[in-house]
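Undergrad: using only what follows, build the 3D model:
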Amino acid sequence: MKIDVRKITSVHIHGAYNFLPVYNFLRLCGIENDVVKILTTHNPWKPEFEDVFHFTKNRPREWLVQNEAKIAGYRHFLRLRDDFAFRMSDALFFPSEHSMEGYHQDWPEFAEIAASKPIYFSVTGTEKKAVSLSADAMRAQHGIPANARVFLHLGRFIPMRGFDLYVEAAKQVLGRDPNAWFLAVGEKQDKPSLDHPRWIEVPFTTAPGNYLNLADACVIANRGSYFDLSMIEALSLGTPLVSAKIGGYKYLEGRTDGVLYFEPGSVDSLTDALTRFCQLSPETLTEWRRSNAALYEREMTPQKFATGYQDTIDQLYADFKIRPTDRKIVRLPFELPRDETTPMLNSPRATTAPGTSFAAPAGLPHGSKTPVTAPGAAKLAEELEQKGLLQAAADLYRTAAYLDPKRPDLRRKLAEVLIRLGNRAEAISHLEYASNLIPNNRNLQKRLAKIKHPIRSLFTRSEPFKG
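TA: Numbering: from 1, shown residues only. This is a model prediction of the structure:
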């Protein structure tokens with residue numbers, strides 16, 4: 001089946017890094033101004049900041065100094081990428097107004113961008129986390145007393161997730177309250193962050209629901225928040241939260257009793273919140289669990305998410321005056337040949353060569369009864385490419401490559417046309433095929449590496465592709 005691109009009315013693009021490729025595809029189809037481009041990012045701040053953090057984290061100081069120019073170049077690219085995505089989108093889409101907090105705080109231009117286009121909100125949802133072991137069984141497995149007050153950090157052990165704050169606050173509480181236990185689940189370390197019998201670290205787990213169900217409270221100390229799935233997962237099991245009052249976590253205020261806030265980035269405030277939590281009665285914790293589970297069922301199940309999302313898209317379509325009849329995606333049948341064993345040019349319909357996923361183009365010279373040869377198809381493809389008829393040229397290069405699969409040059413030529421058409425994934429597959437045919441061709445290997453890893457190629461010297 002094929003989608004008629006003329007019937008596309010909107011596209012919801014997730015991530016600033018995806019915006020330019022999608023926009024380029026729309027331009028190649030000639031519909032970039034006809035399609036409503038909706039942008040959702042999943043970062044608590046401007047995406048540039050998080051990408052630079054991951055690019056430089058765990059690097060030694062010497063590396064950072066030696067590669068200062070490389071980091072600056074990467075940051076410049078990310079700034080251009082983010083600016084283009086947010087400015088060229090027609091609408092922004094966030095889980096809640098609180099999710100924009102980090103953008104307003106750390107990106108001066110965001111206020112201007114946000115004021116120039118409509119912004120829509122729809123609360124995220126997810127499946128309820130599965131529990132395969134009871135809380136009592138999990139406590140027994142880890143040697144935790146049944147009456148202990150257990151806190152949980154679930155996720156990566158990084159400053160962005162506030163893990164350092166969690167460790168420092170745990171030091172204080174462990175020294176004051178003999179009934180407090182701390183779990184850190186999500187990464188394997190050579191050495192635990194704390195050397196204490198009531199501090200337990202667990203590597204990555206495939207059963208996070210067991211730990212959420214075990215804990216008396218899930219501690220969310222993030223320095224920024226979009227609208228974390230981990231928050232929703234905790235709510236789904238009714239687990240109380242000790243949370244930084246920042247970003248998307250503010251959405252919970254007034255909607256549930258089961259969250260205890262503390263000042264973002266403050267070890268003292270987190271320590272105080274944990275101390276107060278240790279003093280809560282079992283009856284209060286039971287009520288908090290009920291309140292959190294009720295909020296999840298009321299707003300954040302997959303069914304509630306789907307309904308809310310559809311309602312928001314309906315409103316967006318009404319605002320952009322997209323008619324209901326425009327929303328129907330027309331799918332065209334992609335016919336397979338019945339008896340043909342050799343593709344024909346100028347057949348009454350486009351036919352697919354057996355064993356392939358490409359169509360021989362219709363409407364070209366040579367007559368409907370003329371079999372295609374690899375040299376003939378390649379020559380005609382070159383002529384069409386020179387005239388700028390790239391899609392027809394790609395179809396013919398595919399035909400030539402199918403008829404003579406041992407010619408790597410046909411695969412390389414096809415890949416170059418596909419790159420110009422924006423079809424990077426298929427281009428990579430043909431370059432890999434050609435590379436297997438001639439594994440010692442360094443120019444081909446360099447070209448393949450450049451297409452597969454475009455970001456890396458920004459910071460390495462590359463030679464012109466010589467074929």
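Undergrad: now the residue nearest to residue 148 when sequence neighbours are not counted, which residues is it bridged with?
TA: Excluding its sequence neighbours, the residue lying closest to residue 148 (C-beta to C-beta, 6 or more residues apart in numbering) is residue 181, at 4.8 Å. For the C-beta atoms, the positions are set from N, CA and C on the backbone; glycine is no exception. For residue 181, the beta-bridge partners are residue 150 (DSSP bridges).
Undergrad: from memory residue 142 sits against residue 200, does it?
TA: Yes - between residue 142 and residue 200 there is a contact under C-beta atoms under 8 Å: 5.8 Å.
Undergrad: more crowded one of those two?
TA: residue 200 (18 against 13; other C-beta atoms under 10 Å).
Undergrad: residues near the residue nearest to residue 148, how many?
TA: Using other C-beta under 10 Å: residue 181 sits among 27 other residues.
Undergrad: next up, the contacts around it.
TA: 144, 148-151, 198-200 (C-beta atoms under 8 Å, 6 or more residues apart in numbering).
Undergrad: distance check, it against residue 152.
TA: Residue 181 is 10 Å from residue 152, where distance means C-beta to C-beta, to the nearest Å.
Undergrad: packing partners of the one helix or strand residue 285 maps to?
TA: According to DSSP states H and E, residue 285 maps onto helix 282-295. Contacts defined by 3 or more C-beta pairs under 8 Å, 6 or more residues apart in numbering; DSSP states H and E place helix 282-295 against helix 229-236.
Undergrad: what's the angle from the helix it packs on to helix 282-295?
TA: 120 degrees (axes from the mean of the first three to the mean of the last three C-alpha atoms, to 10 degrees).
Undergrad: so where do the strands sit in this protein?
TA: 2-3, 10-14, 36-40, 91-94, 119-121, 149-154, 180-185, 199-202, 217-220, 241-244, 259-262, 331-332, 351-352, 359-360 (DSSP state E).
Undergrad: which stretches of the stretch 301-450 of the chain form helices?
TA: 302-319, 374-386, 390-403, 408-421, 424-437, 442-452 (DSSP state H, counting those that start in this stretch).
Undergrad: what's the longest helix anywhere in the chain in contact with?
TA: Across the chain, the longest stretch assigned as helix under DSSP state H is helix 68-88. Under the contact criterion C-beta under 8 Å, 6+ apart, helix 68-88 has outside partners 13, 16-17, 19-20, 23, 37, 39, 41, 46-48, 51-52, 55-56, 64, 92, 109-110, 113, 116, 455, 458-459.
Undergrad: list the buried ones in stretch 297-309?
TA: For stretch 297-309, burial by neighbour count (16 or more other C-beta atoms under 10 Å) applies to 299-301, 304-305, 308-309.
Undergrad: pLDDT below threshold where in the stretch 1-150 of the chain?
TA: 1-2 (pLDDT under 70).
Undergrad: whoops, I mixed them up, the stretch 151-300 of the chain
TA: In the stretch 151-300 of the chain (pLDDT under 70), no residue qualifies.
Undergrad: coming back round to it: which residues do residue 142 and residue 200 both contact?
TA: Joint contacts of residue 142 and residue 200 (C-beta under 8 Å, 6+ apart) are residue 183.
Undergrad: can you give the domain ranges for the chain?
TA: 2-124+305-325, 135-298, 337-457 (automatic domain parsing).
Undergrad: so how far is the longest one off the chain centroid?
TA: Relative to the mean C-alpha coordinate of its chain, domain 135-298 is positioned 25 Å out (C-alpha atoms, centre = their mean, to the nearest Å).
Undergrad: first-to-last residue distance for it?
TA: Its first and final residues considered, domain 135-298 spans 25 Å by C-alpha to C-alpha, to the nearest Å.
Undergrad: now stretch 142-156
TA: Termini of stretch 142-156 sit 20 Å apart (C-alpha to C-alpha).
Undergrad: show me what it is in contact with.
TA: 136, 138-139, 161, 163, 166, 170, 177, 179-187, 200, 208, 211-212, 214-219, 221, 230, 234, 239, 242, 274, 277-278.
Undergrad: filter the contacts of helix 68-88 down to the buried ones, PyMOL style.
TA: Command for PyMOL, covering only those of the contacts of helix 68-88 found buried under the criterion 16+ other C-beta under 10 Å:
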select buried, resi 13+16+17+19+23+37+39+41+46+47+48+51+92+110+113
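Undergrad: next one: the residue nearest to residue 165 when sequence neighbours are not counted from residue 158, what distance?
TA: Leaving aside its chain neighbours, residue 165 sits nearest to residue 221 (4.4 Å; criterion: C-beta to C-beta, 6+ apart). Using C-beta to C-beta, residue 221 is found at 11 Å from residue 158.
Undergrad: so how many other residues sit close to residue 119?
TA: Residues within reach of residue 119, counting by other C-beta under 10 Å, total 12.
Undergrad: residue contacts, it?
TA: With contact taken as C-beta under 8 Å, 6+ apart, residue 119 is in contact with 91-94, 100.
Undergrad: now, the most widely separated pair of these?
TA: 91 and 100 (13.7 Å; C-beta to C-beta).
Undergrad: these two: which has the busier surroundings?
TA: residue 100 (22 against 18).
Undergrad: partner residues bridging the closest residue to the more buried one other than its chain neighbours?
TA: Once flanking residues are discounted, residue 100 sits nearest to residue 94: 5.8 Å by C-beta to C-beta, 6+ apart. In this entry, residue 94 is beta-bridged to residue 121, by DSSP bridges.
Undergrad: for residue 94, give its distance to residue 114.
TA: 10 Å.
Undergrad: joint contacts of the two?
TA: residue 100.
Undergrad: those two: which is more packed in?
TA: The residue with more neighbours, out of residue 94 and residue 114, is residue 94; 23 against 17, by other C-beta under 10 Å.
Undergrad: got a list of what that one touches?
TA: Going by C-beta under 8 Å, 6+ apart, residue 94 touches 40, 100, 119-121, 227.
Undergrad: re earlier: quick one: the contacts of residue 181 as CSV, columns for distance to residue 397 too.
TA: As requested, the contacts of residue 181 are exported to CSV (distance: C-beta to C-beta, whole Å):
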residue, distance to residue 397
144, 64
148, 67
149, 67
150, 62
151, 61
198, 66
199, 61
200, 59
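Undergrad: related to what we said a few turns ago, okay, residue 221 and residue 158: which has more neighbours?
TA: residue 221 (26 against 17).
Undergrad: so what's residue 401 scoring on pLDDT?
TA: At residue 401, the model reports a pLDDT of 86.
Undergrad: could you find the closest non-adjacent residue to it?
TA: residue 410 (4.4 Å).
Undergrad: one step back: where's the residue nearest to residue 148 relative to residue 150, distance?
TA: Distance of residue 181 to residue 150, computed by C-beta to C-beta: 5 Å.
Undergrad: residue 189 versus residue 219, what's the distance?
TA: 18 Å.
Undergrad: between these two, which one's more packed in?
TA: When neighbours are counted by other C-beta under 10 Å, residue 219 and residue 189 differ, and residue 219 comes out ahead with 28 against 10.
Undergrad: can you get me a residue count around the closest residue to the more buried one other than its chain neighbours?
TA: In space, and not counting its chain neighbours, residue 219 is closest to residue 242: 4.8 Å by C-beta to C-beta, 6+ apart. Neighbourhood size, residue 242 [other C-beta under 10 Å]: 23.
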